[in-house]
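J.: no sequence for this one, just the structure:
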């Protein structure tokens, strides 16, 4: 056990791999937004906006690799950990500058862009943070700080820049401003702040874990441990609340999706669309149905199943006049929902047909085995041939095979054994009849056919 503990300590030891001085210099150097950095940031924002405009993932990834947006966020977390008042203030100031430059550049691009957005899926994805965004930001911050602190630098920072996705939400805010949409503006701003806060929190915790030295008391100016504690509480309390709310919202949406997928068909109608409205106090799941109206029993059965998914009946709203009431639903959405319903119906039908085919195949195989009678390997050909040679010297060669015969007088097939006797001289009819009778007893089969040929 002691050897394992020693091995584990050696495996997790960071002392000989960490360069604190180099890490601190790198963080301080990357928080500034002046000169070329401003233009680099603006170019990266334009590239990311183009990628979002045309829904191009490679272009968005390229913009995130170019962008220097993580510098002030890492500087803020590091400044809190080392009680560096100046670094915290500089980081916050440059963070605000970075946000303003990014939003301005993206807004101008979307105002002047000749491209139209028919299906802004990538932009919409940046308006609704999920629990995965929180986890990526937190562990991305951990990985980024460990990378900056180690002696031999690798490509981790590039990966962190891609994973944490700070650029796309800023571009989405610009798009929201260009069309004056509060949904895009505040949704993307919320996602960006969540990412920023959890990256800064991870930087703070990693810096404490790696034991970066704090400034001496006379160097701290106005930033004391009490001030750091207050700032952390201001950051942590909303973050924990937001993370908890995001987890709840994510779970509600997953349960709603599973419930709808399991009940595409209800009674003699079907769900062709649904809408999830999550709220802290009371969420709702709106179901849009087509077909015949649901009976009380069908509604109750659906309510019971919904409760098994953790969705109370009070949160379910049925729209059975959906085609009339959803004015904002496009024709393509309706057609898509109908296709999904038909696909499910065909899938169910084909599964039933496949099951029937399998059952029929099994039955035919069983009947075939029963009707096949003797197979070639089941007939003791060698023994029968020797016995026939001993009894009838005129028989020179014997061929025995199993098969089936079809009769016009009876339905189906009958198992049959065919014996071909090669003789010299040819036997008379009485001898052939005796051989047939002997074979019936010998092979325990009534359907014996004896043929004779000249050898």
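T.: Looks like it arrived, so ask away. Computed from a prediction, not measured in an experiment: that's the story for all the values here.
J.: surely residue 71 is in contact with residue 94?
T.: Yes. If you go by Cβ atoms under 8 Å, residue 71 and residue 94 touch, sitting 7.3 Å apart. From N, CA and C alone the C-beta is placed, and that goes for glycine too.
J.: which neighbours do those two share?
T.: Counting by Cβ atoms under 8 Å, 6 or more residues apart in numbering, the contacts common to residue 71 and residue 94 are 31, 32.
J.: any buried residues in stretch 386-396, and which?
T.: For stretch 386-396, burial by neighbour count (16 or more other Cβ atoms under 10 Å) applies to 388, 392, 395.
J.: could you do stretch 266-286 as well?
T.: 266-267, 269-274, 276, 278, 283-286.
J.: report pLDDT for residue 177.
T.: Per-residue pLDDT puts residue 177 at 90.
J.: remind me which helix or strand the nearest residue to it once chain neighbours are set aside belongs to.
T.: Excluding its sequence neighbours, the residue lying closest to residue 177 (Cβ to Cβ, 6 or more residues apart in numbering) is residue 107, at 4.6 Å. Residue 107 belongs to helix 85-112 when assigned by DSSP states H and E.
J.: check which helices and strands that helix sits against.
T.: With contacts defined as 3 or more Cβ pairs under 8 Å, 6 or more residues apart in numbering; DSSP states H and E, helix 85-112 has these neighbours: helix 36-53, helix 70-81, helix 167-179.
J.: out of these, flag the one nearest residue 137.
T.: Residue 137 lies closest to helix 70-81 among the helices and strands packed on helix 85-112, at 9.6 Å (Cβ to Cβ).
J.: who are the packing partners of the closest one?
T.: If you count contacts as 3+ Cβ pairs under 8 Å, 6+ apart, helix 70-81 packs onto helix 20-29, helix 85-112, helix 131-149, helix 156-164, helix 182-209, helix 225-262.
J.: picking up where we left off before, just the ones of the buried residues of stretch 386-396 in helices?
T.: residue 388 (DSSP state H).
J.: number of residues surrounding residue 295?
T.: Neighbour count of residue 295, defined by other Cβ atoms under 10 Å: 12.
J.: kindly apply the preceding question to residue 454 instead.
T.: Applying other Cβ under 10 Å, we find 9 residues neighbouring residue 454.
J.: that older thread, so which of the buried residues of stretch 266-286 comes closest to residue 141?
T.: Checking those against residue 141 by Cβ to Cβ gives residue 278 as the nearest, at 26.6 Å.
J.: wait, that closest one touches residue 250, no?
T.: No. Residue 278 is beyond contact range of residue 250, at 9.1 Å (criterion: Cβ under 8 Å).
J.: domains for this protein, by residue range?
T.: Per automatic domain parsing, the domain ranges recorded for the chain read 14-223, 251-340, 376-454.
J.: can you put those domains in TSV and add distance to residue 240?
T.: Putting the domains of the chain into TSV (distance: least, Cβ to Cβ, whole Å) gives the following:
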stretch	distance to residue 240
domain 14-223	10
domain 251-340	14
domain 376-454	75
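J.: and these, which one is worst for confidence?
T.: Looking at the domains of the chain, the bottom one is domain 251-340 with a mean of 74.
J.: just the domains of the chain: most buried one?
T.: Each of these was given a mean neighbour count from mean count of other Cβ atoms under 10 Å, and the largest, a mean of 19, is that of domain 14-223.
J.: from the middle of its chain, how far away would it be?
T.: For domain 14-223, the separation from the chain centroid amounts to 27 Å (computed by Cα atoms, centre = their mean, to the nearest Å).
J.: so which of the helices and strands packed on helix 70-81 is nearest residue 422?
T.: Here helix 225-262 is closest among those (Cβ to Cβ), at 69.9 Å.
J.: if we can go back for a sec, among the domains of the chain, which comes closest to residue 245?
T.: Nearest to residue 245, of all those, is domain 251-340, at 6.6 Å by Cβ to Cβ.
J.: so what's residue 166 up against?
T.: By Cβ under 8 Å, 6+ apart, the contact set of residue 166 is 64, 67, 69, 70, 73, 192, 195, 196, 199.
J.: if we can go back for a sec, so which of the buried residues of stretch 266-286 sit within strands?
T.: Using DSSP state E, the subset of the buried residues of stretch 266-286 located in strands is 266, 269, 270, 271, 272, 273, 274, 276, 284, 285, 286.
J.: tell me which stretches of the stretch 351-455 of the chain form helices.
T.: Taking DSSP state H, counting those that start in this stretch to define them, one finds helices in the stretch 351-455 of the chain at 381-391, 429-443.
J.: between the first one and helix 429-443, how big is the angle?
T.: Interaxial angle, helix 381-391 versus helix 429-443 (axes from the mean of the first three to the mean of the last three Cα atoms, to 10 degrees): 140 degrees.
J.: report the distance from helix 381-391 to the chain centre.
T.: How far helix 381-391 lies from its chain's middle: 69 Å, per Cα atoms, centre = their mean.
J.: contact partners for the residue nearest to residue 177?
T.: 174, 175, 177, 178.
J.: next up, the contacts around the nearest residue to the first one once chain neighbours are set aside.
T.: Distances taken as Cβ to Cβ, 6+ apart put residue 106 closest to residue 174, at 2.6 Å, once the chain neighbours are dropped. With Cβ under 8 Å, 6+ apart as the criterion, the residues that contact residue 106 are 45, 46, 48, 49, 170, 171, 172, 173, 174, 175.
J.: can you redo these as TSV with distance to residue 299?
T.: Below are the contacts of residue 106 laid out as TSV (distance: Cβ to Cβ, whole Å):
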residue	distance to residue 299
45	51
46	53
48	47
49	47
170	46
171	45
172	40
173	43
174	46
175	41
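J.: for the residues you listed, which one is nearest residue 83?
T.: The shortest gap between residue 83 and any of the contacts of residue 106 belongs to residue 170, at 29.8 Å (Cβ to Cβ).
J.: any idea how far residue 422 is from the closest one?
T.: Distance, residue 170 to residue 422, using Cβ to Cβ, to the nearest Å: 94 Å.
J.: same check on residue 392?
T.: According to Cβ to Cβ, residue 392 stands 12 Å off from residue 422.
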